[in-house]
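*Asks:* sharing a sequence plus its predicted fold:
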Amino acid sequence: MIQLILKRVALGILTLLLVSALIFAGTQLLPGDVASAILGQNATPQSLAALRQDLGLDLPAWQRYLTWLHGFVTGDLGMSLANRQPVADLLWPRFGNTMALAAYAAIVSVPIAVLLGLAAAVRRGGMFDRGINIVALAFVSLPEYFLGLLLILFLSVQFNLLPSLADTYSGMNFGDWLRATTLPALTLVLVTVAQMMRMTRTAVLSVMDQAYVETAFLKGLRTKRVVLRHALPNAAAPIVNVVAFNIAYLITGVVLVEAIFNYNGLGRFMVDAVAKRDLPLVQAAAMVFGAAYVILNSVADIAAIALNPRLRHPR
Amino acid sequence: MSQNKSSFDLSRRQFIAGAAGLGLTTLASGLIVPSAFAQEATPKRGGVLKLGIGGGSTTDNFDVRVLNDWVPVNQAYMTFNGLVEIDKDNMVQPELFESWEPSADAKEWTFKIRQGVTFHNGKALTAEDILYSLNLHRGEASTSAARSTAGQFTDVVKVSDTEIKIVLDSGNADLPYILSDYHFLIVPEGFEDWTKPIGTGPFVLESYEPGVRARFTRNESYWKPNTAWVDAVEVIVINDIAARTNAMMSGQVHAINQLDFKTVDLLKRNPNLEVVQSAGGQHFTFLMDCTQSVYADNNVRMAIKYAIDREQLLTTALRGYGKLGNDHPIPVTDPFYAADLPQRAYDPEKSKFYLKEAGLDALNIELSASDAAFSGAVDAAAIFQGTAAASGITLSIKREPSDGYWSNVWMKAPFSMGYWGGRPTADQMLTIAYSSTSAQNDTHWKNEAFDAKLIEARALLDNAKRKEIYAELQQMISDDGGAMIPMFGDYLDAVSTKLGGVTTHPMFNFMGARLAEKVWLEA
C-alpha cells in the first residue's frame, strides 16, 4: 500500500512538471509582450529593446523556463514584470481569499450533498428521489455565471437580501465577511451539490444491490443501520473521489464566479495579470491552480486506496 | 449646441487674458440633463461615498507619469490637484495656477501660482513643487505618458515665488488646455514614493489595495471652496461591466462609470438611479491606410465614406447614445467644431460614382475588426458590410483577437477599426492623429498644407481666425483623410438619486474623473 501511495505521489509530481512546461509554453504563445504593454503608446524601438533586456525577455525560452522552474521549486515565485513587486506578496493573499470562499462553499455543500444522496438512495424511486434529482439536474445544467446572475437578480436586486458585490477587505469582521460572500458561495454550492449528491446516490445504490446488504436486511437490521454501517463504508471511495474533485473545482474553477461577484480571489487576479501580460503572475497563478488540482486528486486517489480493503491488503 | 457663439468667444478671450473663472455656462455641450440635476439643491456635508469604477488593475499605483486607466486617474484626482481644470462647459478654469498671461506670439506664458495651498503633509505649495512636477514629464529619459506633450516646453522657469514661466518651441494658444492633461498633477518637490501619495487634493489616501479597493478621507484643510463634501470615499474596482451594473442596481455603490450601451435603456427603468449622458470627443474610426493598396486613391476612400449608413450604425451599435460623425475627429462640444460642414449621408449612388472615378466596377476589401477597438465594433463592421453591399462594395470581415490588437493590427492592417478618446483641444486631436509627423497618425495620411495650417492656427490668439482655419482643416480630413468616422460615443455613467451635484462633463466619465470632489450625499 505504501508503494501504491508513493507511486501516486510520484505521478502527481510528474503531472505538475508537465503542467509547468505547458503553462510556460502557453504563456509564450500569447500575442503581444509585456514590454509593449508596459510602455504602451510611448514605446520606441530603443526603449522596447532596453526594457526587454532589463526584464530578461531576450534570453532563449528554455533558459527562462529552467530559471523560472528552479525559482518556483525553491519558493521564489519571481517578480511581477508590471509593478516589480514580489509575485508571492501579491499571490498568497488572493489564494487565501479563494481558499476561504472554497471552504465556505465546501462546508455547506459536502454534508448537504452526502445527506441528500443517502436520503435519495434510501427512498429510491420515490417522490423525494425523483424531485431531488430533477432539481439537481436543473442546477447542474445551468452554467455558474448564469446561476450567479439569477441569484443576484432575485436575492440582491429585487429583494435586496444580500449584497451582489463580494466586497471584502482586511480587518473586516466575520459576520460581514459571511454576508458579503454568501451569494458567491451559494452559487458554488448549487453547482457542486448536484454532482456530489448524484454520485453519492449511485454509489450507495450499487452497494445496496449486493448480496451482503440483502443479507443484512434479511437478518432484520433497520434501514438506517444497514445504510450507515454496511453500505456506506463500501461506497465511500467513489464519494470521496467526487468530493475531492468538486473541492478542486471550487478552488480552480471559480474565475467566472469571482468576476460576477467581483470577489478578490486568485481567478480574478489571473485574468488581470493576463490582460497586463504580466507573465510571472500568470505562470504562478496557473501553477497554484495546477498544484491544487493535482494535490486534491492525489488525495482522492490515496483515500480511495486507504478505504478499499482489497487495495489496502493486496494479495 | 453652439447657439451662443458670441458669449463663448467672450469667455474664451477672457481666459486668454488671464481672467478665467467667470463661470459662463452658455455653451451647452450637447447634454441631456436628467431631471433631478436641474433641481436646486443645497450641498450637504458628510457620509461615505462609494464608487464602483471599472478600469483598474493590481499593477496600479499613483505615479502621475504612468496613469493610464480610469481607476488610477479618478484616484489621482482625489489625491492631487492639476494646474488647471476643465469645467463642465469645456472651459479651462484655474486650479493651482490662479491666472495666466501669454506673450503676443503665444510662445511664452506666465502663470501665477495659487497662494495658501498646503500639501497633505502640511508643506506649503511653492514654485519649486510645480517645477519638479512638470519636469517629471520632460526630457528623453522620462517615462511619462505625457512626454511628447511636454516635449513642446523648451523651458519651464521660476520667475518669482509666485510666478512660473513656460516657454514653448512654437506658439500655442491652447497651453492652459494642454496643462489640463491628467498627467500634469502636482506633488511636492523631490517626491518619489508613489505608493504613499502626497498631494494638495480634496482627499487623503487612508488604505490602498491596488486593483481591488481604496479608501480616502477628506482633506480637512482643502483650499477649494464648495468641494469635498463627503467625509470619506471608498473606491471599489469592478472591471466586469455586469458586476458593476449589478452593484449599482442593488444599491451597493453610489455611482458607476462606463455603462454598457446595450443595457442603458433597461438601467434607466430603475427609479433609484439616474443615467448621466455626456457628449464628448470619444469617437470610433474605420481606418484606411492611405499608403496601402486601393486606399491610396481618394476616390476609393470617398466611396467607402458614402457607403455606410451612419444613422443605422448609431442606433444599432450605440443604441443612439452618441452623435453622428462627419469623418473628422472634432466633436460638437468643441468650440471649433465646423458646424457649417454638411453632414455626410448614406448615398450608395455617390459611392458608386466615386468607384467609377477610381476605375472600378466593384470593390472587394477586407476589414480587420475586433471588439478591442470599442465594445460593439464587430457588430458595427457587420452593419457596414450590409450597407456597403448596395454600393457594389463587398466587404469581408476579418475578426482579430482582442489580445495584441493595438500592437499587431492597429496601424498595420490596410483597413482596420479603432477609437480615440477626446482631447481637450481641437489642436491636440488634429495633431496627434493627422499631422504627418505624429507617431500615432493611424491612417498614414500626409498633407503638407494641413500641417502648415495646423501650426499656423496653433499660435493664433484671434479666435475668429482660428475657427476659420480649424473648419478648413476639418473639411480637409473629411474630404481627403483616411479615417471614416461614423459616430461619436457619449460617456455614460449611472449615479444614485441620493447623489447631489452631479453634472455632465465633456471630458471622460465621472465628471472628468473629478466626481468625488464635486458631489454630496443627500440625507
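*Replies:* Yep, it's here.
*Asks:* surely B:Gln277 and B:Ala494 touch.
*Replies:* No - between B:Gln277 and B:Ala494 there is no contact, the gap being 10.2 Å when judged by CB atoms under 8 Å. Where you see a C-beta, it was placed from the backbone N, CA and C, and this is true even at glycine.
*Asks:* where does the stretch 101-250 of chain A come near chain B, residue by residue?
*Replies:* A:149, A:152, A:156-157, A:160, A:163-165, A:167, A:169-170 (CB under 8 Å from any CB of the partner chain).
*Asks:* how confident was the prediction at the closest residue to A:Val191 other than its chain neighbours?
*Replies:* Distances taken as CB to CB, 6 or more residues apart in numbering or on different chains put A:Glu144 closest to A:Val191, at 4.9 Å, once the chain neighbours are dropped. The per-residue pLDDT reported for A:Glu144 equals 84.
*Asks:* and the one 10 residues further on, by the same measure?
*Replies:* Among the per-residue scores, A:Phe154 holds a pLDDT of 90.
*Asks:* what of the one 10 residues further on?
*Replies:* Listed pLDDT for A:Ser164 reads 87.
*Asks:* so it: helix, strand or coil?
*Replies:* Following DSSP: H, G, I helix; E, B strand; the rest coil, the label given to A:Ser164 is coil.
*Asks:* wouldn't B:Ala381 be in contact with B:Phe415 here?
*Replies:* No - between B:Ala381 and B:Phe415 there is no contact under CB under 8 Å: 10.1 Å.
*Asks:* tell me the buried residues in stretch B:253-273?
*Replies:* B:253-261, B:264, B:267, B:270, B:273 (16 or more other CB atoms under 10 Å in any protein chain shown).
*Asks:* and stretch B:67-87, by the same measure?
*Replies:* In stretch B:67-87, counting by 16+ other CB under 10 Å, buried: B:67, B:69-87.
*Asks:* residues of the stretch 201-350 of chain B that sit close to chain A?
*Replies:* So the stretch 201-350 of chain B meets chain A at B:207, B:209-213, B:236-240, B:242-244, B:246-247, B:249-253 (CB under 8 Å from any CB).
*Asks:* so who does residue 162 touch?
*Replies:* This is for chain A. Shown in contact with A:Leu162 (CB atoms under 8 Å, 6 or more residues apart in numbering or on different chains): A:155-156, A:179, A:182-183.
*Asks:* correction: the question concerned chain B.
*Replies:* With contact taken as CB under 8 Å, 6+ apart, B:Thr162 is in contact with B:112-113, B:115, B:127.
*Asks:* repeat for B:Ile238
*Replies:* Residues near B:Ile238 by CB under 8 Å, 6+ apart: A:165, A:262, B:52-54, B:244, B:247, B:253, B:256.
*Asks:* in strands, which of these fall?
*Replies:* Here DSSP state E is the test, and these give B:52-53, B:256 as lying in strands.
*Asks:* just the closest of those to chain A, please.
*Replies:* Minimum distance to chain A across the ones in strands among the contacts of B:Ile238 is 7.5 Å, recorded for B:Gly52 (CB to the nearest CB).
*Asks:* could you measure from that closest one over to B:Ala255?
*Replies:* 7 Å (CB to CB, to the nearest Å).
*Asks:* what's the nearest residue to A:Ala88 if we skip its chain neighbours?
*Replies:* Distance criterion CB to CB, 6+ apart; nearest residue to A:Ala88, sequence neighbours excluded, is A:Leu77 at 4.7 Å.
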